[in-house]
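Visitor: Pasted the sequence and its predicted model underneath.
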Amino acid sequence: MDETIEVSGLRKRFGPVLALDGMTFDVAPGQVTGFVGPNGAGKSTTMRVILGLDAPDEGSALIGGRRYRDLRCPLNHVGALLDAGALQPSRSARNHLLWLAHSQGLGSKRVDEVIGQAGLESAARRKAGGYSLGMRQRLGIAAAMLGDPPALMFDEPFNGMDPEGIVWMRGYLRSLAAQGRAVLVSSHLMSELQDAADHLVVVGRGQVIADTSVANLIAAASGDRVELRTTARTEAMTVLARAGATVAVTGPDAATVSGLPADRIVALLTRNAIPFSEVSAHRATLEEAYMELTRDAVEFRAAEADGAGEVVR
Amino acid sequence: MTATVTPARTPRPAGRDGFAQLLRAEWTKFRTVRGWVIGAVVAVLLTVGLGLFAGAGGSSSCASGNGPARSGAACAPSLTTGPGGGPVTDSFYFVRQPLAGNGSITVRMTSLTGELPDLTANPANQGLQIPMRAGLMSWAKAGLIIKDGTSEGSAYAAMMVTADHGVRMQADYTQDTPGLPGALSASDPRWLRLTRSGDTITGYDSADGTHWTQVGSTRLAGLPTTAQVGLFTASPIDAVITETFGGGNNGNEAPSQATAVFDHLGLAGSWTAGAWSGDYVGGGNYAPGIGSYHQAGGQFTVTGSGDIAPIPSGPSAPGGPSITITNLLIGTFAGLIALIVVATLFITAEYRRGLIRVTLAASPRRGRVLGAKAVVIGSASFVAGLVAAAAAVIVGKSIARRRQYVFPVSWATELRVVVGTAALIAVVAVLALAVGAMMRRSAAAVTTVIVAIVLPYILAVASILPAGAGDWLLRLTPAAGFAVQQAATAYPQVQALYTPNGGYYPLAPWAGLAVLAGFAALALAAAVLLLGRRDA
């Protein structure tokens, strides 16, 4: 029942632009996988390839081991929201869901269920053309949920949502994953995925830069740095430097220590009777971790280009 | 809040991935966009509305009818009808005697000459005497005839020699069978024979009076025991009719006459010769009884004018405003434009909004999506077309009969015209859908389809192009499909203006529709191919 989305070696060229350059990753069930990268990194193209809308030049995308086009009633396997504006404006939201349901052999009962889940009951019979972007996103999510699929894909679902909506969306994504579904969510802003994604696929220029759990990524980006808050900053720096640490001043009574674990720092300060109000392991934000990653990727690419003289693809 | 953690997903029965559910989805799509449904209703109203306008006499008043102006033309002419119910001309000079029972009549014909009016001499003044010159109308004819009395429109069978079309056997106005070909002269005469056996009349011809060939045989149901039998001569009205820009007609016409010389007149069987008498049958408004006969030593010289033939509809039809049910469907082109827009938008609107991606993600087998769309838009258009055509014809006829002569057609023809019009509209809608799928742009696709279908139709039917060019448009372009609306019958034995403007198409009804269907099938196949190949 659980269906993994497996993307392997996708390559796709649009004229002179290489949109996908060996894109490879899996989307596992039971977690939210963030699909992050700058605009133009190939996120939407990858999603279109997964849905069989665009044909890749090379590589494959499988859902539960099958190609999308081989799925019967595919909305029962994968639900997707690619473009919230993909609506006939003069058709009501309910009728939009109704034809989609009919195409999968589903009835109006299921339509009313997803309308309820998306909180669109009061507006369902209005023309979808009059919807705000946030309401269109909800309608798109309702459409994705029609077939109650084990795998879901959302392209930039936070776009156009107010802060309240973003909080709702995060909770909703987490609940979908908690139900055992594989959830792939793209965003060009890492901060949107904070507290929503369990796993991250970071992409740039049509390739995967990092494919990691959020916990590992943050730990890596945080390094072994420790935040220290003390009124006796100079004494503390002397003691810690003598013990082999590197201390960077970050404020009048704050410093960042690296090279020593937190418990060792506490022991040293206590032994030397230096007062401190806080010693805590530094925790990078997802945004910091992402910036660090993409900076590395850019440098790596620059070096590669210099060294090779010519990039052969 | 209950804290039960249960999977929200409930097992769902595997959907049937049938074509039927795809059809249902596309039908739901179609009916839930109010503009499209309104468009289909507008198409029906346009078709019926223009048809009723044509039925009510259009812009032409009673005084200036569709045909060439004729003095004394009634507003809604009552035309003579033949045994088949259709309007006929039945005027000729008849040298006859009543003969009872079965028998046979034989004659030799040695000469057919005539005089034609000089229509160029005085085209504007028909009231004046028109000078005549020697010449024969192509379908001038003379020979033997057996007829059910002398009233106009009565049943008959005849063997005749024509000016340019050899020997013919004709009967009951519409039947026409060729016999010996070639022209007649004193040195190369023609022998003709008619034999009656009950209701059955058989015609024979011969070049020498010895070797006879049967030309044809016909049954004149209800022919009385005593029929009128004898010699006849007829020569049709000479008319010069030109179509004018926009579909009007200018015409000038005058009677012609022919003179035939017969000898070796003989009767056989139970027929025994009595006295011959000559008189003019019919006459009416437009062949005022030119005719005479002269008998001398077994030789009969018979001069006559007029014609024994069906009246074709169209600009050369006599006697004031007349229409066919094709005229009542003149609004089809306007209804088509509305439906072309709807059918095109049925696919291009999806491209415009990116909705096509939702559609194709829901149904990855793309050819079937286009197939379902074609079935839905085709069926909806067929129903709209059927309603429109039936209403235009049925209501239109009752309105038209008050002011115009409506050429009668068989119920089978009427059914073919109405159902064919619905099919025409349905096929055009499918073509528009296919072009829309290929071009993906509403305005470009709508323009293309209108240029391909409606424009050639209007150019040909409104006589904007010369008739010959118009005929080719109606053979080669998708507009050929309009042939299915033809209600008029073209008669080779009647010289008339058989043009698209008069309701005559160069292709047979279903052949014309097949040309259109061929275009639609090609376009749909190309659209399926492109849709499958292109990224959505």
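Guide: Received the coordinates, thanks.

Visitor: May I see the domains of the chain written out as residue ranges?
Guide: Answering for chain A, as no chain was given. A:5-219, A:224-281 (automatic domain parsing).

Visitor: Not quite, go with chain B.
Guide: B:20-60+B:323-489+B:498-533, B:88-310.

Visitor: and B:V428, how many neighbours does it have?
Guide: 31 (other Cβ atoms under 10 Å in any protein chain shown). For every residue, glycine as well, the C-beta is placed using N, CA and C.

Visitor: Close to chain B: what parts of the stretch 151-300 of chain A are there?
Guide: A:178-181 (Cβ under 8 Å from any Cβ of the partner chain).

Visitor: try 7 Å
Guide: A:179-180 (Cβ under 7 Å from any Cβ of the partner chain).

Visitor: From the contact counts, what lies against the longest helix seen in chain B?
Guide: In terms of residue count, the longest helix belonging to chain B (DSSP state H) is helix B:366-400. Under the contact definition 3 or more Cβ pairs under 7 Å, 6 or more residues apart in numbering or on different chains; DSSP states H and E, helix B:366-400 sits against helix B:19-31, helix B:34-55, helix B:325-328, helix B:332-353, helix B:355-362, helix B:411-439, helix B:509-533.

Visitor: Could you say which of those helices is packed most deeply?
Guide: Of all the helices and strands packed on helix B:366-400, helix B:325-328 has the most neighbours on average by mean count of other Cβ atoms under 10 Å in any protein chain shown, namely a mean of 28.

Visitor: That one - contacts with which helices or strands?
Guide: Judged by 3+ Cβ pairs under 7 Å, 6+ apart, helix B:325-328 is in contact with helix B:34-55, helix B:366-400, helix B:411-439.

Visitor: For B:T301, which of the ones you listed is the nearest?
Guide: B:T301 lies closest to helix B:411-439 among those, at 42.7 Å (Cβ to Cβ).

Visitor: For the closest one, name the packing helices and strands.
Guide: Taking 3+ Cβ pairs under 7 Å, 6+ apart as the contact cut, helix B:411-439 packs with helix B:325-328, helix B:332-353, helix B:366-400, helix B:442-461, helix B:509-533.

Visitor: pLDDT of that helix, averaged?
Guide: What helix B:411-439 shows for mean pLDDT is 97.

Visitor: rewinding a little: just send the helices and strands packed on helix B:411-439 back as JSON lines, with mean pLDDT too.
Guide: JSON lines is the format used below for the helices and strands packed on helix B:411-439 (pLDDT from 0 to 100):
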{"stretch": "helix B:325-328", "mean pLDDT": "91"}
{"stretch": "helix B:332-353", "mean pLDDT": "96"}
{"stretch": "helix B:366-400", "mean pLDDT": "95"}
{"stretch": "helix B:442-461", "mean pLDDT": "94"}
{"stretch": "helix B:509-533", "mean pLDDT": "96"}
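
Visitor: Among those, which comes closest to A:V257?
Guide: helix B:332-353 (56.7 Å).

Visitor: Relative to the whole chain's centre, how far out is the closest one?
Guide: Its chain's C-alpha centre and that of helix B:332-353 lie 31 Å apart, by Cα atoms, centre = their mean, to the nearest Å.

Visitor: again with stretch A:80-96
Guide: Counting by Cα atoms, centre = their mean, stretch A:80-96 comes out at 24 Å from the chain centroid.

Visitor: quick check: mean pLDDT across stretch A:82-89?
Guide: The model assigns stretch A:82-89 a mean pLDDT of 93.

Visitor: which one of the helices and strands packed on helix B:411-439 lies closest to A:E6?
Guide: Here helix B:366-400 is closest among those (Cβ to Cβ), at 23.5 Å.

Visitor: residues of the longest helix of chain B that come out buried?
Guide: Buried residues in helix B:366-400, counting neighbours by 16 or more other Cβ atoms under 10 Å in any protein chain shown, are found at B:366, B:368-378, B:380-382, B:384-393, B:396-397, B:399-400.

Visitor: what's the angle from it to helix B:509-533?
Guide: Per axes from the mean of the first three to the mean of the last three Cα atoms, to 10 degrees, the angle that helix B:366-400 makes with helix B:509-533 is 150 degrees.

Visitor: Can you name the element that comes right after helix B:366-400?
Guide: strand B:405-406 (DSSP states H and E).

Visitor: Can you give the strand pairings for that next one, parallel or anti for each?
Guide: strand B:322-323 (parallel) (DSSP bridges).

Visitor: closest one to B:S185 among the helices and strands packed on helix B:325-328?
Guide: Ranked by Cβ to Cβ, the member of the helices and strands packed on helix B:325-328 that lies closest to B:S185 is helix B:411-439, at 42.0 Å.
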